[in-house]
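1. Quick one: sequence plus predicted model below, questions after.
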Amino acid sequence: MKVYYDKLKFLLTDANGFFKSVQKEKDYWNILKFYVLLVALVQIVSFLIYIPSYLKQSNLLGIMGFGFIINIAASLIFPFIFSAVFYLGVLLFKGEEGYFNMFKVSTYSMAVLSAYGFVSSIIIGVISWFIPPDFSSILQGGNSLVYSLPVTIISGVIGFVGVIHFVYTLVNGMVFYQRLSPGKALASIIVIPIILTFIIGLIFGSGIALILNGLGY
């Protein structure tokens, strides 16, 4: 585990040096395994920290177990999907270093987000020992705040910093592996998601309009 810890520490503290150090990696699984194990660790820590909550609301145990399975499954699939989306942006800006290099960069960058998720789980979990979350809202289908306002603010700040660090790492990796300028690298991870969001929104909007029209509205 120390090898993975040292690798993650290097990734978080020196993105440029890290991407140079993994330049010879040519296997999808080793890269993916690093990310999946980190996601699993975050889920396990979250589970352990929230044990006091499970004792008060036992039905949460099943929800967390289901969430664990979903998150692990997602960690095996999403790196390939996100890499494909970002790679479309790379092609748009004439990057020519292949999908695998985009997969390497995006998967390691996603690990940065998971690291912040780990920190967030610990901080929020400990605070929740003293200010218990109100899970009844979720269990009853409500939409009120589950966590107290301070916890919500803290998680929001950690999440925001995590996203900034993720983008910074992603751009640096793309500059190194895809030979793009920082500006083009940043644009390539923004343009395609915006286009896809617009297309998906248009499709759903058209579908809803057709349904409403069929119903006579």
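-> Cool, got the structure.

2. does residue 126 sit in a helix, a strand or a coil?
-> With DSSP: H, G, I helix; E, B strand; the rest coil as the basis, the three-state label of residue 126 is helix.

3. That one and residue 154, how far apart?
-> According to C-beta to C-beta, to the nearest Å, residue 126 and residue 154 sit 11 Å apart. For the C-beta atoms, the positions are set from N, CA and C on the backbone; glycine is no exception.

4. Do a quick rundown of the helices in the chain.
-> Using DSSP state H, the helices of the chain run over 2-13, 15-21, 28-49, 51-56, 59-92, 99-130, 136-139, 149-177, 182-214.

5. and those helices, which is most packed in?
-> Mean neighbours per residue, mean count of other C-beta atoms under 10 Å, is largest over the helices of the chain for helix 99-130, with a mean of 20.

6. what residue ranges in the protein score low on pLDDT?
-> When residues are selected by pLDDT under 70, those of the chain lie in 52-63, 132-149, 204-217.

7. swap the cut-off to 50 and go again
-> Counting by pLDDT under 50, the chain contains low-confidence ranges at 142-144.

8. Look up how far residue 91 lies from residue 188.
-> Between residue 188 and residue 91 the computed distance is 9 Å (C-beta to C-beta).

9. and for these two, which residues touch both?
-> Counting by C-beta atoms under 8 Å, 6 or more residues apart in numbering, residue 188 and residue 91 have no contacts in common.
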